[in-house]
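>>> structure of the sequence below:
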Amino acid sequence: MRAASENELKLKSSVVSIGAFDGVHRGHQALIRQMVNRARELGVPSVVYTFDPPPRAYFQGHRVLTSVEEKLELMKKLNVDYTIAARFNKHYALRPPEEFIKELRSLGTKEVWAGRDFRFGKGQEGTIEMLSGYFTVNIFPFVTCEQGEKISSTRVRELLKQKDWIKINHLLGRTSVDTFMSK
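As a prediction, the model looks like this:
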């Protein structure tokens, strides 16, 4: 797996998954696996486009669940070919949606895989519908646990407050105690 920054990677074609992927929980893993499988079917590289820090950490001060280094290691384990970790700062947050679309076009994006709530660009003006005007967009459904509850980074943060390591590990699909106790 190769890591890159925004506007650094240029490809002839690819399949791209976009999201904060904070925690890289089981829902994120399912989305990324599906995107990687689709890229393999098409014979093109798989790309994960993510943000450092995640936008909610930048704007709302949410706790970051996964450092960019941890995220890159997890993407490698998920057999992703390239991961773009865009530096999310004031300048990046002010980019118009069209700049993001232009960057995706420079990746030769054939398909985009994202969650239904994905928004991008200044003021979250960019929508899934806007992306659909340029690319084939695949909306990945929310993944739920056995009890029917949505697996999300917000839920992991709530469980961290309760120190419910068993449920956290279940949602993440890996052991997390050492990671979170050191933060």
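>>> give me the phi and psi for residue 120.
Note on residue 120: backbone dihedrals following degrees, to the nearest 10 are phi -150, psi 160.
>>> all further residue positions should be reported with the first residue as 47.
Taking 47 as the first residue, the last one we looked at is residue 166.
>>> residue contacts, the residue lying closest to it once chain neighbours are set aside?
Nearest non-adjacent residue to residue 166, counting by Cβ to Cβ, 6 or more residues apart in numbering: residue 172, 3.8 Å away. From N, CA and C alone the C-beta is placed, and that goes for glycine too. With contact set as Cβ atoms under 8 Å, 6 or more residues apart in numbering, residue 172 has these partners: 143, 146-147, 165-166.
>>> most neighbours out of these, which is it?
residue 166 (23 neighbours; other Cβ atoms under 10 Å).
>>> relative to residue 193, how far out is that one?
According to Cβ to Cβ, to the nearest Å, residue 166 and residue 193 sit 32 Å apart.
>>> go on, residue 126?
29 Å.
>>> which one's more surrounded, the two?
residue 126 (23 against 6).
>>> who are the neighbours in contact with that one?
Contacts of residue 126 by Cβ under 8 Å, 6+ apart are 47, 78, 82, 92-94.
>>> 10 Å instead?
Under the criterion of Cβ atoms under 10 Å, 6 or more residues apart in numbering, the neighbours of residue 126 are 47-49, 63, 78-79, 81-82, 85, 91-94, 118, 120.
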